[in-house]
Every structure is written in structure tokens, then in C-alpha cells.
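A.B. asks: structure of the sequence below:
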Amino acid sequence: PPAPPGVDYGANPTVFGEILRGDLPSRPYAETDDVYCFRDVKPRAPLHALVIPKRHVPTVRQLVPSDLSLVEEMVDVALDVVAREVGPDAVEGNDYVLCFHVPPFNSVGHLHLHALAPASEMGHAFRYGKYRTGTRWCAGAEEVTERLKGGGSAMPPRWRVF
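C.D. replies: Numbering: from 1, shown residues only. Below you'll find the model as predicted:
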């Protein structure tokens, strides 16, 4: 995908930087000027997409209120992909998960939003474990967006495990 003005894919040392540069293949679902959405290589639901900013943002912890429009665009792209690939009923019935893994539980040092659907078809360990939002390891897109709208950081200073 073409880089937006001021973004240097060469400066991104992550596997997602390699994908953005075209050095690694990906199976794209959608793209805008600022985000790229593609299939996860290890899908944990019938649809498992990753939405990444083209600008290198290391993790959800680095998001600040000025990043709100970027996060909202990531969510919009994810929901559009869920509606197109799974069906509008998945979106209308909230049968999806949109989440960010929180360091040190993230696997790539480049912000990525997981879009999984239908959530009702996910394995129990993934739905209620690895991708369970509101936990120390997994933040829901809605909670991140609300924190940024409120002028705070994307993540609370301390999260309890349960």
C-alpha cells in the first residue's frame, strides 16, 4: 500500500512494516489513506482481520487523545469488513470482537486492532481468554475510544486481571 505523506515504511522494523513495504505477502480486506486491513495468518474465528495504522504506533499504550480519529477509522474499517465478509447481522447483533492486546501480551510492536467474527463461533479459550476485552491483556476498541474521547490515555494506569 502507498505510504501517507510523512510516513516512512522503511523506518518500521516490525513484521507489519514488512507487509506495508510489500516485503511480505498479506491477504487484504480493505485500505484507506491511513490504515490497512488484512487477514491474520493464524485466524481464531471464521473472520480474523487485523487493522493497522500505516504510521508506526508501537502499542495501544502510546495512543493519546489526538489519535482518536485514527482509532475511530480503524474501528470503522473493521466493522465494514465484518459486515461485508460475515454479514450485517454480525454487526447489528454485536457478534464480533474488536480489541487491542496490551503489552506485554501483544505479539507485534505495531498497533493492531483484531476484528473477529462471528464471536459466537470462536473457540471458548479464545473468546473468553485471549480475546476477552476488559482484561489486563486485552482492551476493547470501545473502551479505548471512550478514554481518548475523555481526553485521557487509551489505557488506565493499572488494570486488574479479573
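A.B. asks: so which elements touch the helix or strand containing residue 75?
C.D. replies: In this structure, residue 75 is located in helix 68-85 according to DSSP states H and E. Contact here means 3 or more Cβ pairs under 8 Å, 6 or more residues apart in numbering; DSSP states H and E; on that basis helix 68-85 packs against strand 28-31, strand 35-39, strand 47-53, helix 88-92, strand 97-101, strand 113-117, helix 141-149. From N, CA and C alone the C-beta is placed, and that goes for glycine too.
A.B. asks: turn those into JSON lines, including mean neighbour count, mean pLDDT and distance to residue 72.
C.D. replies: Shown next, in JSON lines, are the helices and strands packed on helix 68-85 (neighbours: other Cβ atoms under 10 Å; pLDDT from 0 to 100; distance: least, Cβ to Cβ, whole Å):
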{"stretch": "strand 28-31", "mean neighbour count": "16", "mean pLDDT": "98", "distance to residue 72": "15"}
{"stretch": "strand 35-39", "mean neighbour count": "21", "mean pLDDT": "98", "distance to residue 72": "11"}
{"stretch": "strand 47-53", "mean neighbour count": "23", "mean pLDDT": "98", "distance to residue 72": "11"}
{"stretch": "helix 88-92", "mean neighbour count": "14", "mean pLDDT": "98", "distance to residue 72": "16"}
{"stretch": "strand 97-101", "mean neighbour count": "24", "mean pLDDT": "97", "distance to residue 72": "12"}
{"stretch": "strand 113-117", "mean neighbour count": "25", "mean pLDDT": "98", "distance to residue 72": "11"}
{"stretch": "helix 141-149", "mean neighbour count": "18", "mean pLDDT": "96", "distance to residue 72": "6"}
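A.B. asks: got TSV for these, with distance to residue 135 too?
C.D. replies: Putting these into TSV (distance: least, Cβ to Cβ, whole Å) gives the following:
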stretch	distance to residue 135
strand 28-31	26
strand 35-39	24
strand 47-53	19
helix 88-92	23
strand 97-101	9
strand 113-117	13
helix 141-149	11
